[in-house]
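Student: Fold the following.
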Amino acid sequence: MIALVNHHVEMGGAEVALLRLVDALGDRHEFEAFLPRAGPLADALRQRGVPVRVIPMPRGSLVAGRGNSLRLLTSLVGGVLSWPAALRALADGLRGADLVLTGSTKAHLYGGLAARMAGRPLAWWLHDVVDRTTFGFLARAVVRAAARYMPHRILAVSRAAALSLKLHGDDARVRVLYNGIRERHRNSGMSGEQLGNCGEPRVGWIGRLVPSKGPDVFLRMAARVSAEIPSARFVLVGGEDPRERAFAESLRRLPDKMGIGDRVELPGYQDDLDAILDHLTVLAFTSVASDSLPTVILEAMSAGVPVVAFAVGGVGEIIETGRSGYTVPAGDEGALAERVLALLGSRPRRRALTEMGRRRIREAFSWDRWVEAWDREIRDLMGSESES
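Tutor: Now for the predicted structure:
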């Protein structure tokens, strides 16, 4: 049995990848999930027949932004009394596992400790770039120190994520496994290209409504583009983080303040990403924090939607700028708007990016290769354990 330990219970790119792994390998391996509370991820796993155990963990944020190391230290000190009991409960649940796979940063630490207590092999599925855009100084030090001694293997989704741990270049435990994506084609009644022909090109943004993902940047870019192309429409898709409700509420008021309220849609979280992509002319990715391998970029390129993205984290490992999409310096709203405007004004360029984007997905992010690579890693880890 493979024990899946995750701290996040809301849906994000890492959680989508986890569900896809279960879908792909569910007929080859048995899974059981261990989560700190109920939520959308638990529901989705149960729908797939995966047993879910809820083992509450002390609250507190490890992934603290710059200047928040004190908050992390306070969180860890405050949990001294409650952590031992929580770790023992998790370790007891993991004793029957053949492999423990942790999928989020906090889970790497407490799941790793519990796996060691239970004497089970441990693999980190590393989705984060451990740098100062997302982690405070103390958090970076803790995660990097743990990476040196705790996991038997580190399966990073990008080179940017792997390198951010600052391990020796010849560390044999580290593998880079790019997430795989199934190639697909637009299948709705009216594609983004057709919408453009009707005089209403649509520029989209998809993510969580939190400051690090830059939805406010997208709206300011939208105002610039709208001034040049009044017919353009903008759709900002994503659910809010309960810890960032004030930010999400201010975001919903921003279009009206900028005079583009009648040109912006904010439909909230949407399950059917394909339906959203089917109606986009261009996707803008505006994360201002390092993102290891943004799932939404892979999805868009696979669907034939041209992408303009801030060059953060592993974005450059996906997009060959000028060939399969465009990257611009992080935070440069003017450059972002210029690239979007250029694409909206050139159907031949959009078609060229669509073709090259799909080719890039086939060559570097093949679904079949990803599934087989994961199966090999899992069997290797479990085989190593049985031989020890």
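
Student: going forward, measure contacts and count neighbours with C-alpha atoms only.
Tutor: OK.

Student: Give me the residue ranges of this structure where confidence is low.
Tutor: For the chain, applying pLDDT under 70 flags the ranges 59-82, 169-170, 185-199, 384-388.

Student: per the record, what domains does it have?
Tutor: For the chain, the structural domains run 2-180+366-387, 192-364, going by automatic domain parsing.

Student: Which elements pack onto the longest helix seen in the chain?
Tutor: Using DSSP state H, we find that the single longest helix of the chain is helix 367-387. If contacts are counted by 3 or more C-alpha pairs under 8 Å, 6 or more residues apart in numbering; DSSP states H and E, helix 367-387 sits against helix 13-25, strand 99-102.

Student: Beyond the last one, next helix or strand please.
Tutor: Secondary structure here is assigned by DSSP states H and E; on that basis, the next helix or strand after strand 99-102 toward the C-terminus is helix 105-118.

Student: Please give the centre-to-centre distance between that following helix and its chain.
Tutor: 21 Å (C-alpha atoms, centre = their mean, to the nearest Å).

Student: elements contacting it?
Tutor: Applying 3+ C-alpha pairs under 8 Å, 6+ apart, one finds that helix 105-118 contacts helix 83-94, strand 99-102, strand 122-126, helix 137-149.

Student: To Val328, which of these lies closest?
Tutor: Distance to Val328, taken as C-alpha to C-alpha, is lowest for strand 122-126 among those, at 25.2 Å.

Student: just to revisit the earlier point, please identify the most buried of the helices and strands packed on helix 105-118.
Tutor: Highest mean neighbour count among the helices and strands packed on helix 105-118 (mean count of other C-alpha atoms under 10 Å): strand 99-102, with a mean of 27.

Student: Tell me the strands beside it, with direction?
Tutor: Partners of strand 99-102 in the sheet, by DSSP bridges, are strand 2-5 (parallel), strand 122-126 (parallel).

Student: Any idea which of these gets closest to Phe218?
Tutor: Of the strands paired with strand 99-102, nearest to Phe218 by C-alpha to C-alpha is strand 122-126, at 27.2 Å.

Student: got a list of contacts for that closest one?
Tutor: Contact with strand 122-126 is made by 99-105, 108, 112, 115-116, 150-157, 161-162, as judged by C-alpha atoms under 8 Å, 6 or more residues apart in numbering.

Student: CA-only coordinates of it in CSV, if you can.
Tutor: Provided in CSV are the C-alpha atoms of strand 122-126 (Å, rounded to 0.1, in the frame of the first residue of the first chain):
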residue,chain,number,x,y,z
LEU,A,122,9.8,7.8,2.3
ALA,A,123,9.6,9.8,-0.9
TRP,A,124,9.0,13.5,-1.2
TRP,A,125,6.9,14.6,-4.2
LEU,A,126,8.4,18.1,-4.4
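
Student: one step back: may I see the helices and strands packed on helix 105-118 arranged in CSV, with distance to Ser346 as well?
Tutor: Listed next are these as CSV, based on distance: least, C-alpha to C-alpha, whole Å:
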stretch, distance to Ser346
helix 83-94, 55
strand 99-102, 44
strand 122-126, 38
helix 137-149, 43
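
Student: of the ones you listed, which approaches Ser287 most closely?
Tutor: strand 122-126 (18.4 Å).

Student: about what we covered before: how much does the longest helix of the chain deviate in direction from strand 122-126?
Tutor: Between helix 367-387 and strand 122-126, the angle comes out at 160 degrees (axes from the mean of the first three to the mean of the last three C-alpha atoms, to 10 degrees).
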